[in-house]
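Novice: Could you work out the structure for the sequence below:
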Amino acid sequence: MKQAIQERFLISPFLVFFVIHATQVGVGALNFQRPLMKEAGQDAWMAVLMAGLAAHVLIWLMYRLLSHLPSGGDLVSLHEQYFGRWIGGVLSLGLLFYYALAAFMVLQSYIEIIKVWVFPLMGAWQFSLMFLLLTYYAVSGGFRVVVGLCVWGVVTPLLTIFPMVFFPLEYAQYRNLLPVFDHSFGQLAKASKEMVLQYLGFEMLLMYYPFLKQAPSSQKWAHAANAFTMFIYFVLILISIVFYNKEQIQHITWPTLTLAKIPEVPFIERMEYIVISIYVLVVFPIIAVSIWAATRVIKQLFAVQQRRSLPVLLACLFVGTLFFQEKTDIEQLTEWTAKAGFYLVAVYVPLLYVYVWTAEKVKKTLQQKP
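Specialist: Purely as a prediction, here's the structure:
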């Protein structure tokens with residue numbers, strides 16, 4: 001049985017709101033509109049809501065799953081408890097690779113944006129080295145430091161970047177929203193699946209759950225965070241629908257970033273530079289939480305301190321940067337991450353919950369027999 005975590009390392013339940021929202025809204029918020037509108041057109045806003053409601057169900061399922069563990073337990077503990085050391089270890093290794101993949105995908109996607117918009121002549125490895133050094137500094141400070149990053153990663157963009165997306169409403173064509181309910185349920189379901197990547201981030205809960213004070217009481221904050229994420233994406237997709245038409249948006253790589261170019265300030269020529277610079281506060285918490293979760297899995301599996309595994313993991317990501325520099329490579333990486341995340345939260349977690357629930361029922365039945 002895992003030892004309970006000391007109280008000085010725990011965080012208050014309400015901070016789950018910031019951690020989940022910060023890990024959900026990332027680079028994908030800049031370009032999620034294209035695949036959605038390709039599948040569902042002007043009804044894409046329905047796919048945003050459908051995917052968000054599905055995320056609520058999965059969050060509820062995760063809390064139910066983790067409630068079967070004693071204090072100090074996480075998904076690695078659950079794997080070991082119900083599958084044994086070896087099979088459970090293999091399953092936990094898959095979790096480790098997923099967290100590392102998620103961090104790498106976000107890092108590479110943001111570096112691509114910087115190279116295209118701001119510094120086209122600089123190499124990807126230079127940005128990668130800078131970000132990974134900052135990640136080492138943050139993650140080595142512990143989970144509470146990472147949570148502090150998440151708080152800033154929610155508050156600062158909300159007060160600076162989010163108001164900018166409302167300026168294009170001056171040129172809105174509200175007729176673009178019509179006709180409503182013009183697409184079949186199958187088309188909306190396919191669009192909702194495309195939206196899965198944008199809601200991913202709450203699966204980190206599987207590892208930091210034991211770091212929550214009165215963990216079950218944090219569930220309402222987790223749902224509040226997901227609801228707020230739904231609101232952000234809902235606003236962005238509505239503004240995109242009324243500002244762009246279905247054909248036009250397919251030729252714009254980062255629609256949200258283009259929306260942020262609309263505001264005009266006398267002393268700033270390129271407003272998107274400001275947005276991209278501030279956006280580091282959106283991206284950095286996702287990388288930090290993902291890396292922290294990956295090193296936590298390593299600690300639970302191999303009894304290696306996180307400060308020792310951290311530089312090794314970051315070095316692996318840096319080497320990976322040298323091989324994923326083309327746009328097509330990054331798109332492929334994003335597709336891999338989306339598929340892995342979908343199968344983790346929408347397939348594996350529900351199946352694992354059914355297995356654990358069945359195992360507990362069988363165990364109680366056997367205990368009641370004379």
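Novice: and the host helix or strand of residue 88, average pLDDT?
Specialist: Residue 88 is part of helix 75-117, with elements assigned from DSSP states H and E. Across helix 75-117, pLDDT averages out at 95.
Novice: so what secondary structure elements neighbour it?
Specialist: If contacts are counted by 3 or more CB pairs under 8 Å, 6 or more residues apart in numbering; DSSP states H and E, helix 75-117 sits against helix 44-66, helix 124-139, helix 205-208, helix 271-278, helix 280-302, helix 306-321, helix 327-342, helix 349-368. Backbone N, C-alpha and C define where each C-beta goes, glycine included.
Novice: what's the residue nearest to residue 65 when sequence neighbours are not counted in contact with, if anything?
Specialist: Spatial nearest neighbour of residue 65, chain neighbours left out: residue 353 (4.8 Å); criterion: CB to CB, 6 or more residues apart in numbering. Contacts for residue 353 were tallied using CB atoms under 8 Å, 6 or more residues apart in numbering; they are 61, 64, 65.
Novice: before we move on, what about residue 46?
Specialist: Per CB under 8 Å, 6+ apart, neighbours of residue 46: 40, 188.
Novice: Swap in 10 Å and give it another go.
Specialist: Neighbour list for residue 46: 36, 40, 180, 181, 183, 185, 187, 188, 191, 192, 234, 237 [criterion: CB atoms under 10 Å, 6 or more residues apart in numbering].
Novice: Out of those, which end up buried?
Specialist: Listed as buried from the contacts of residue 46 are 36, 40, 183, 187, 188, 191, 192, 237; burial here means 16 or more other CB atoms under 10 Å.
Novice: Can you pick out the most distant pair from the residues you listed?
Specialist: 187 and 237 (15.2 Å; CB to CB).
Novice: coming back round to it: please produce a markdown table containing the contacts of residue 353, extended by neighbour count.
Specialist: Shown next, in a markdown table, are the contacts of residue 353 (neighbours: other CB atoms under 10 Å):
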| residue | neighbour count |
| --- | --- |
| 61 | 16 |
| 64 | 13 |
| 65 | 21 |
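Novice: Could you provide the residues you listed in JSON lines, with additional columns for pLDDT?
Specialist: JSON lines is the format used below for the contacts of residue 353 (pLDDT from 0 to 100):
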{"residue": "61", "pLDDT": "96"}
{"residue": "64", "pLDDT": "94"}
{"residue": "65", "pLDDT": "94"}
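Novice: returning to what we had before: right, so of the helices and strands packed on helix 75-117, which gets closest to residue 258?
Specialist: Nearest of the helices and strands packed on helix 75-117 (CB to CB): helix 271-278, 8.0 Å.
Novice: Going by neighbour count, list what's buried in the closest one.
Specialist: For helix 271-278, by 16+ other CB under 10 Å, it's 271, 272, 274, 275, 276, 278.
Novice: and the first one, how far is that from residue 252?
Specialist: Residue 271 sits 16 Å away from residue 252, taking CB to CB, to the nearest Å as the criterion.
Novice: Please identify the buried residues of the helix or strand in which residue 226 is found?
Specialist: Using DSSP H and E, residue 226 maps to helix 219-243. Neighbour-count burial for helix 219-243 flags 219, 221-223, 225-226, 228-230, 232-233, 236-243 (criterion: 16+ other CB under 10 Å).
Novice: ok and it relative to helix 44-66, angle-wise?
Specialist: 160 degrees (axes from the mean of the first three to the mean of the last three CA atoms, to 10 degrees).
Novice: tell me the contacts of residue 125?
Specialist: When contacts are counted by CB under 10 Å, 6+ apart, residue 125 touches 111, 318, 319, 321, 322, 325.
Novice: Go ahead and build a ChimeraX selection from the buried members of these.
Specialist: This is the ChimeraX syntax for the buried subset of the contacts of residue 125, where burial follows 16+ other CB under 10 Å:
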select :111,318,321,325
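Novice: where does the closest residue to residue 10 other than its chain neighbours land on pLDDT?
Specialist: In this structure, residue 10 finds its nearest non-sequential neighbour in residue 213, 4.6 Å apart by CB to CB, 6+ apart. At residue 213, the model reports a pLDDT of 93.
Novice: wouldn't residue 213 be in contact with residue 13 here?
Specialist: Yes - under the criterion of CB atoms under 10 Å, residue 213 makes contact with residue 13 at 6.1 Å.
Novice: So which of these two has more stuff around it?
Specialist: Neighbours were counted for residue 213 and for residue 13 using other CB atoms under 10 Å; residue 13 has more, 18 against 13.
Novice: backbone phi and psi for the more buried one, please?
Specialist: Residue 13 adopts backbone torsions of phi -60, psi -40, taken as degrees, to the nearest 10.
Novice: how about it, what does it touch?
Specialist: 212, 213, 214, 215, 216, 217, 218, 219, 220, 221, 222.
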